[in-house]
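> The following comprises the amino acid sequence and a computationally predicted model.
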Amino acid sequence: MSGVMQRTLAILDCLADNVGGMQIGALADRIGIPISAAHRLLAELAEHGWVRQSRERGEYVLTTRLVSLGLTYLKNSGIIDLCQPVLDTLAEASGELVRLGVVDVDHLTWVAKSQGARSGLRYDPDMGVDAQLSCTATGFAWLSTLPESDAIALVSAQGLPAPGRFGPRAPTSMNAVMKAVRQARKQGFAIAVETYTVGLAAISAPIIGAHGGAVGVLAISGPSARLTQEKMLTLVAPLLAATADLAAASSASPLFDRAFNSRELETA
């Protein structure tokens, strides 16, 4: 790995994946750079407030500055103010977790959520992470809006997961992934049960912007014991109504608009 910027970003990525912190040696090994180079970069990041070193064992950890930057960006984009009421209404109607993912060129990132489950089992994953395209209803829903060659390229770039890494019903081949994508394209929504993790079910639909392409995805997720196939089918109408509401609002947020325009430029 070469280039100061590339190495710096790789350090931030590694520390984001390891919230408990990393020793400098392990971090240098993970990125593939000398310890001396890692030390110089970490010292600069620490000087500017992006990382800190714990006093107990000396691990380097991210500060909240990066989180604050992301939250400020989302706030200023207007996407939360626009979308939260729609997410809250759908969460109340479904009694499950509702999440909004935004397309950004070649990946889809969770940016907002509303929890409808008030008791019992709850699915509450982290936000700000990228969706796994090959084994989630969210991935199938987004990929269904793209030409098959583009969908295959995106899945290939992210990689098919190793057996056993995700749910017991996760697709294990590109053909299996594309079969699910074609089904989602035919229906206008995607359903997945135990493909991402054991005991999890989800239904998802794309948000089609004014340009005619997907700018985001809306998903309802919950325990498969409660969010059954039959229940998910009853949620199709409110889910599609919510995506229509978000599509109408998408032109008011530069984050939505940039997401589609960036991909348009990449594929032009």
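Yep, it's here. Source: prediction; values computed, not measured. Numbering: from 1, shown residues only.
> gap between stretch 193-213 and the chain center?
Centroid separation for stretch 193-213 versus its chain: 11 Å, with C-alpha atoms, centre = their mean, to the nearest Å.
> Quick one: mean pLDDT for it?
Stretch 193-213 comes out with an average pLDDT of 91.
> Which of the residues in that stretch are classified as buried?
193-197, 200-209, 213 (16 or more other C-beta atoms under 10 Å). Using the backbone N, CA and C atoms, a C-beta is placed for each residue, glycine as well.
> What segments of the stretch 51-200 of the chain are strands?
51-53, 60-62, 97-104, 107-115, 190-193, 200-208 (DSSP state E, counting those that start in this stretch).
> Include distance to Ala137 when you put the ones you listed into TSV, please.
Shown next, in TSV, are those (distance: least, C-beta to C-beta, whole Å):
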stretch	distance to Ala137
strand 51-53	35
strand 60-62	30
strand 97-104	11
strand 107-115	12
strand 190-193	4
strand 200-208	4
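> Give me the nearest residue to Val51, chain neighbours excluded.
Once flanking residues are discounted, Val51 sits nearest to Leu45: 4.4 Å by C-beta to C-beta, 6 or more residues apart in numbering.
> Which other helices and strands does the host helix or strand of the one you found contact?
Using DSSP states H and E, Leu45 falls within helix 35-47. Helices and strands touching helix 35-47, by 3 or more C-beta pairs under 8 Å, 6 or more residues apart in numbering; DSSP states H and E, are helix 4-17, helix 24-31, strand 51-53.
> Mind exporting the C-alpha coordinates of it to PDB?
Output of helix 35-47 as PDB, limited to C-alpha atoms (Å, rounded to 0.1, in the frame of the first residue of the first chain):
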ATOM      1  CA  ILE A  35       5.500   0.200  12.200                       C
ATOM      2  CA  SER A  36       7.500   3.400  11.800                       C
ATOM      3  CA  ALA A  37       5.200   4.600   9.100                       C
ATOM      4  CA  ALA A  38       2.100   3.700  11.200                       C
ATOM      5  CA  HIS A  39       3.600   5.500  14.100                       C
ATOM      6  CA  ARG A  40       4.100   8.700  12.100                       C
ATOM      7  CA  LEU A  41       0.500   8.600  10.700                       C
ATOM      8  CA  LEU A  42      -1.000   7.900  14.100                       C
ATOM      9  CA  ALA A  43       0.900  10.700  15.700                       C
ATOM     10  CA  GLU A  44      -0.500  13.200  13.100                       C
ATOM     11  CA  LEU A  45      -4.000  11.800  13.500                       C
ATOM     12  CA  ALA A  46      -3.700  12.100  17.300                       C
ATOM     13  CA  GLU A  47      -2.300  15.700  17.000                       C
END
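> tilt between that helix and helix 4-17?
If you take axes from the mean of the first three to the mean of the last three C-alpha atoms, to 10 degrees, helix 35-47 sits at 70 degrees to helix 4-17.
> List the buried residues of helix 35-47.
38, 41-42, 45.
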